[in-house]
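Chemist: Predicted coordinates and the sequence they were generated for:
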Amino acid sequence: MVGSKPNSKIIIFMKRSVLQHLCDILDTDNTWETIAPYMSGIAMRDVEACKRYGNYNQSPSMLLLRIWCSKGFTVVHLYQLFAKTKLIRLMRVMKSEVDEKYHYLEEKVLNPARRLRPIVPPAGTQQTASRLKKIDSKDMTSTPTQSITTSSTNDPLRVAIEGTLPVTYQELSEATKGFSVNNVIGKGGYGTVYKGEIRATGGMVAVKRIFAGNDNSTQQGSKAEKERLRQSLTELRTLARFRHDNILPIYAYSLEGPEPCLVYQFMANGSLEDRLLCRKGTTPLTWVQRKEISIGAARGIHFLHSFAKTPLIHGDVKTANILLDKHMEPKLGDFGLCRDGQAEVEATEKRPLIASHIKGTLAYLAPEFITSKILTTKLDVYSYGIVLLEIASGQRAYSESRETRGLVDFCQLNKELARRQKIPLREILIDRKAPALANEFEEQFWDTLLEIGLAGVCVDRKLRPTMAQVVECLCKNTTPTIP
Ligand SMILES: Nc1ncnc2c1ncn2[C@@H]1O[C@H](COP(=O)(O)OP(=O)(O)OP(=O)(O)O)[C@@H](O)[C@H]1O
């Protein structure tokens, strides 16, 4: 028990060493930026002020906590916030400052089957609910987004945007120099991605502008527009639900302008696809980097499959959707196709979920999905298997210029060739652009990559490993034991 009124203890009156420890962790890699959107009452301008503060070698987290504190939020609110954003380490650092009756939250984060109670803001502050209500009634009435939300999904819009900061279209237009072609960093099936700079801070972001759908006049056009909006809301809803080191964080959104926009962390090293193909003259990835990227991406997918009672299936795992930050840390992006689905376990095997909309690039799609639209976690395992084969061989998932166009067949063919010639497969299949394997350990890692990749693309999905097994084997440099 801490103090006589533990529930109302003021954040900045926490034990100095505890507060300092929290700020040190939050300052590292700008982790504080990922919790700011969840802090009711914190606006974009507060975030910008904290960034500016950081530029002067001060702790931006300390300022953020001071601002939040000035709005009446207490130590318990902070503890609840860390629980909501699943920052267990921070919960543990401040545990001694919080009344024991709240300690159950840590258990709840570790066992997320039950829902957390919402953070109730202190009296007099701007409440999340009322902020969202305002957005619902004022900003959304004239946009097509609202109709797509209410008509196409059962989830209300407020669930989609809970905890994510709204920004104006004008702010994003300024950040991207009027959505200039010079700022385009990529194009996907549903929108264009721009590099943006928040002028006040010099902070970089990636802004995905969903196509406006000028093809509205035809029935087909309006259908396509609905699908685009549905996907962007799915993405927003999914990313707002959780945080993980290997999931691309969403910072903000804008739904009031002519086109909906989603704002993400800017990933300075682009996509894994770009780096494997050495686009823009980049140097080939080393084997150490390839290992870290493989493990990080696998962790991200495993998290999706395991963080909730019902597994979440990404549905579009591919090298273009694995993005690399300035430290080459991989983050899984593009959640427009995410689905609540089924784990591949005996009990649910008899009732596979059928998804009718999943897109997924054909070369990465598992056979059972193509033929029967069966959607389980093993769909992502298959796609991830292809990613590993690309990392090991430097070959594309599908290539018209290769005699054997599909990568799985290409690898199998070479495996057979190596067996007949009695030479290690890596001698004929290794990515020639990559540096030579430096030692036995790296050789073993290459063999592991290929073995797990091939296990992942097994036609019989029951013979594919789970993502938990994949993570374990990659870390230990071993091959999975399939039942
Ligand atoms: N946060 C980001 N930081 C840096 N670059 C990004 C970011 N998000 C996307 N990109 C770049 O923009 C490209 C397009 O991304 P987007 O998610 O729109 O489409 P995609 O995944 O390639 O295609 P599709 O959505 O049709 O499957 C990516 O391949 C990547 O190069």
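Modeler: That came in fine, so what should we check first? If you're wondering where the values come from, they're calculated on a predicted model, not measured in any experiment. Numbering: from 1, shown residues only.

Chemist: how about the residues of the stretch 301-450 of the chain near the ligand?
Modeler: 316, 320-321, 323, 333-334 (CB under 6 Å from any ligand atom). C-beta here means a position set from N, CA and C on the backbone, and glycine is covered the same way.

Chemist: Can you name the two of those that sit furthest apart?
Modeler: Asp316 and Leu323 (13.1 Å; CB to CB).

Chemist: For Thr34, give me its contacts.
Modeler: 85, 243, 249 (CB atoms under 8 Å, 6 or more residues apart in numbering).

Chemist: follow-up on the earlier one: okay, who's weakest in the residues of the stretch 301-450 of the chain next to the ligand by pLDDT?
Modeler: The member of those with the lowest pLDDT is Asp334, at 80.

Chemist: what's that one sitting at in phi/psi?
Modeler: phi 60, psi 80 (degrees, to the nearest 10).

Chemist: From Gly333, how far out is the nearest residue to it once chain neighbours are set aside?
Modeler: Among residues not flanking Asp334 along the chain, Asn321 sits closest, at 4.3 Å (CB to CB, 6 or more residues apart in numbering). The spacing between Asn321 and Gly333, counted by CB to CB, to the nearest Å, is 5 Å.

Chemist: Next, give phi and psi for Ile10.
Modeler: Torsion angles at Ile10 (phi, psi; degrees, to the nearest 10) stand at phi -80, psi 140.

Chemist: Contacts only, for it.
Modeler: Contacts of Ile10 (CB under 8 Å, 6+ apart): 69, 74-75.

Chemist: filter those residues to the buried ones?
Modeler: The neighbour count (16 or more other CB atoms under 10 Å) marks 69, 74-75 as buried among the contacts of Ile10.

Chemist: returning to what we had before: the residue nearest to Asp334 contacts Gly270, doesn't it?
Modeler: No. Look at Asn321 against Gly270 with CB atoms under 8 Å: they stay out of range, at 11.7 Å.

Chemist: Tell me which of the two has more neighbours.
Modeler: A direct count of neighbours by other CB atoms under 10 Å for Asn321 and Gly270 places Asn321 higher, at 24 against 16.

Chemist: got a list of what the more buried one touches?
Modeler: Applying CB under 8 Å, 6+ apart, the residues near Asn321 are 271, 314, 332-334.

Chemist: Try it again at 10 Å.
Modeler: 188, 248, 271-273, 297, 314, 331-335, 337, 361, 364, 383, 387 (CB atoms under 10 Å, 6 or more residues apart in numbering).

Chemist: so of these, which ones are in strands?
Modeler: The strands in this structure, assigned by DSSP state E, contain 331-332 from these.

Chemist: What is the neighbour count of Lys195?
Modeler: With other CB under 10 Å as criterion, Lys195 counts 19.

Chemist: So it, which state does it fall into?
Modeler: Recorded secondary structure, Lys195: strand (DSSP: H, G, I helix; E, B strand; the rest coil).

Chemist: So Phe73 sits against Tyr38, correct?
Modeler: No. Judged on CB atoms under 10 Å, Phe73 makes no contact with Tyr38 at a distance of 11.5 Å.

Chemist: So which of these two has more stuff around it?
Modeler: Under the neighbour definition other CB under 10 Å, Phe73 and Tyr38 were set side by side, and Phe73 has more, 24 against 20.

Chemist: returning to that earlier point: mind checking which of the contacts of Asn321 are buried?
Modeler: 188, 248, 271-273, 297, 314, 331-335, 337, 361, 364, 383, 387.

Chemist: I'd guessed Tyr364 sits against Tyr398; true?
Modeler: Yes. In this structure, Tyr364 is within contact of Tyr398 by CB under 10 Å, at 8.8 Å.

Chemist: Need the residues touching each of these two.
Modeler: 386, 407.

Chemist: From the ligand, how far off is Phe244?
Modeler: Heads up, residue 244 is His, not Phe. 15 Å (CB to the nearest ligand atom, to the nearest Å).

Chemist: what's the helix or strand for that residue?
Modeler: Taking DSSP states H and E as the definition, one finds His244 inside no helix or strand.

Chemist: Not including adjacent chain positions, what is the nearest residue to it?
Modeler: Going by CB to CB, 6+ apart, His244 has Phe303 as its nearest residue, at 4.7 Å.
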